[in-house]
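Need coordinates for the following:
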Amino acid sequence: MAIPAEVRRYWLPILLAAAGFLFQLLVLPISFPPTHYYALGIERFAPVERVVEAYEQLSKEWLAETNQQTTVDIIKIRYAYELLTNPILKRDYDLFGLDHHKDVLEKVKEQYQKEHFLKIDLPLLKDSSVQSTDYAFNVLGYESFMHTIADEHPLLIMVYSKGSPRCAQFIEKWKQIGSRLDGVANTAMVELGDVQLTGHFAEQRFSKQPFFRNGLPTLVAYPADCRSPSCYMRYPGELFVDSVVDWVATSVVGLPRILYYSKETLGPEFIGKSGHHKVKVIFFSSTGERAAPFLRQAAQEYSTYASFAFVLWKEDESQIWWNSLGVESAPSLVFLKGPGAKPIVYHGTFTKSEFTKIMEEHKHQELPQLRSDTSLELGCDARGYSRAGNDIAIWYCVIVAGRPGVELSKRRQILRKAQDQLFSDVDASTSENVDSSVVVSSAAAALKDDRLTFVWLDGEVQKKLCAFYLATDYSGACGPGGFGDDNDKSELFIVRFQRNATFEALKAEKTNNLMEALQRQHTADASQLVARYKGPDEIEEINKWISQIIKDGDTREIPYFTSKVPDLVPEETSKEWIKSTKSIRSAGNSVKQRIQSSGFHFGDYLTDPRIGPALLMSACISMGIIWYKSNQRTQTTEDGAPPKDKTKKRRPRPKLSTSLFGQPEYPADADPEPKDARQWEMTDSDSD
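Predicted coordinates:
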């Protein structure tokens, strides 16, 4: 069946008009259902007295013989009466359109729809207040709220109502959320009756009426850099403890995630790819839950020292973890502190303070790396001081430098064992030779007094400092592989630092000189002497050599001089690390949730009463435009004006003249000029 020409011409106005009528007749009534005031037959926002009066009048008709109301209608009237006579429920319903007991109404209607109304168990609404929370939690007023958001810590707020059973059920979860966020973000509560505050947290419809999209309780958060009442973030997900805590830690505080690894991926994906200078911190969990916020905060604070990973504990894999790491059960914590070092295992759970103490103890490898952010702390920087304090004049740093590889790993293990041997020789000698024991005790005493530090240096990254200490070009232990030669042999040397009190006094007198201050930024404050080890890779020989150097360095008078030392190259910055961790999106952050978090909600437009009239007006305007253009074309045709022939041929393009020098050709009817014709000269010509 062919579509009529008029319908094809006016398809757009017809479509717009149909959409407008459907919106007005179907969509809009669903968006604005009858109110509970309508069930009682009174005006909206009527006082409680008017509600009681209307209910008593309607209830008298139920016992009359002429009663025509169904049981469902009576249930609606009774529910409206109980809700609107409760001050808290009426307040929430009038101000924010909240109906906390709507599920009760639907349940009773389904249960008694075929029963007589006298069999209904009254009252329909039971007492479900949460008034005890006023004393158990941090409930904010307007003044305390303004003071709280001025704090530097992030803040999570729960907006609740005393008449909401859902809020009463959420209280236990709220306690768990507060305990998990302790030390990471503060928590507080705001009661719905504080309209001055809740007006900030509510959304608005097109009618300007405030409302809470997901009901109560609702959660909002203020980041650390937020100081305005209107710059909060609204929690968009389900009210699960783990989801709320993860949202606060990731989106509000900006903490990194700690990923889970399996027994197949832990080695190649975590241990193999994380920095070889970092301590590997591995958590074993039996539940598979996300890392606690204080663990993620520690992962951020100790990012330059350690890498963090989670492993799900499985009973069928317990033998593997026992043989490789010495883990017996979960929960447990394992520290891997460099090649050859025995794993350090802690079993059980830990509080934030306990874990911080453990991290401070194990944040360095057994043999720490000399880097830009650890050189001052280790006492291996001429611009700093010894680990023993600022009063120590002489201290030492034993360094093994080389390109990362097998050779450097072997040398690091040997030097670490030499360090462990000195720790055990603090109170006893390792040799029967009296002279040797005296020599070895010098290194052991210096190590005990924090005047001796053992470190390793990445000669490939820190090639300038490596070449400076070894007085060589970029070859062997220093420089990138293949730059000078293929020899990756590491070098062991010791640096003696000496501070000159006289030089410091003179330097202090020139603090007012700007040029002197700028020059001292790149000048070492301590004298440095370097001695290279040429002996065998034996622990006893290395310790004897170190002890002899320390004994000579402490007793001899050595001239004091300083030189410009190359700066250590920063291997990573915390800002870049934080930026990379924030780019990891939550697994539950779907496209739908990201659209909702942007503030766009398509359902809100279905409640706008202006849409229907706008569609009908658009239909009229488009119909008028189409009719006007069609009528104008018809009138032009009736006036006799020939319609434009779109198939008319174009005017032919004139041909270019083919005559010589572009002279014009003669017309076709003109006599041609004879070939032997010539012109007569004028009589007054000067040709003769």
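
burial of D242, as a residue count?
D242 has 12 neighbours, counted by other C-beta atoms under 10 Å. Every C-beta, even on glycine, is put in place using the N, C-alpha and C of the backbone.

got the buried residues for the helix or strand encompassing it?
Element membership for D242 (DSSP states H and E) is helix 241-247. With burial defined by 16 or more other C-beta atoms under 10 Å, the residues of helix 241-247 counted as buried are 241, 244-247.

now swap in stretch 68-87 and tell me
Residues of stretch 68-87 classed as buried by neighbour count (16+ other C-beta under 10 Å): 71, 74-84, 86.

Then stretch 283-297?
283-285, 290-297.

and what of stretch 393-408?
Here stretch 393-408 shows 394-404, 408 as buried, counting by 16+ other C-beta under 10 Å.

So which of those residues sit within helices?
Residues of these located in helices (DSSP state H): L408.

out of the buried residues of stretch 393-408, which one sits closest to A39?
The nearest member of the buried residues of stretch 393-408 to A39, counting by C-beta to C-beta, is P404 at 78.1 Å.

what number of residues lie near R411?
R411, neighbours per other C-beta under 10 Å, totals 21.

hang on, the earlier thing: check what contacts the helix holding D242 and list those residues.
Here helix 241-247 makes contact (C-beta atoms under 8 Å, 6 or more residues apart in numbering) with 156, 173, 176-177, 180-181, 219, 221, 235, 237, 289-290, 293, 586, 588.

next one: stretch 196-208
Contacts to stretch 196-208, defined as C-beta under 8 Å, 6+ apart, come from residues 96, 140-142, 145, 157, 159, 190, 192, 210-213, 218, 220, 229-230, 232, 234, 604, 607-610.

What average pLDDT does that stretch get?
The average of the pLDDT scores along stretch 196-208 is 84.

Output that stretch as CSV, restricted to C-alpha atoms.
C-alpha atoms of stretch 196-208 as CSV (Å, rounded to 0.1, in the frame of the first residue of the first chain):
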residue,chain,number,x,y,z
GLN,A,196,20.1,24.8,55.6
LEU,A,197,22.6,22.0,55.1
THR,A,198,20.7,19.4,53.2
GLY,A,199,19.8,22.0,50.6
HIS,A,200,23.4,21.9,49.5
PHE,A,201,23.3,18.1,49.0
ALA,A,202,19.9,17.7,47.3
GLU,A,203,19.4,17.8,43.6
GLN,A,204,16.6,19.8,41.9
ARG,A,205,14.0,19.0,39.4
PHE,A,206,12.7,21.4,36.7
SER,A,207,10.0,22.4,39.2
LYS,A,208,12.9,23.6,41.5
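
hmm, back to that, show me which of the contacts of stretch 196-208 are buried.
Neighbour-count burial within those applies to 96, 140, 145, 157, 159, 190, 192, 210, 212, 218, 220, 229, 232, 234, 607; the criterion is 16+ other C-beta under 10 Å.

Poorly predicted segments of the stretch 51-200 of the chain, please.
For the stretch 51-200 of the chain, the stretches with pLDDT under 70 are 65-66, 127-136.

thinking again about what came up before, out of the buried residues of stretch 283-297, which are inside strands?
Judged by DSSP state E, these include 283-285 as members of strands.

wait, which of those is closest to Y37?
S285 (53.8 Å).

For I320, see how far away that closest one is.
In this view, S285 and I320 are 16 Å apart by C-beta to C-beta, to the nearest Å.

cool, L219 as well?
Applying C-beta to C-beta, the value for L219 to I320 is 41 Å.

What of K352?
K352 is 30 Å from I320, by C-beta to C-beta.

what do you get for L615?
67 Å.

who's more crowded, the two?
Between L615 and I320, L615 has the larger neighbour count (other C-beta under 10 Å), namely 19 against 12.

mind listing what that one touches?
By C-beta under 8 Å, 6+ apart, the contact set of L615 is 16-17, 19-20, 23.
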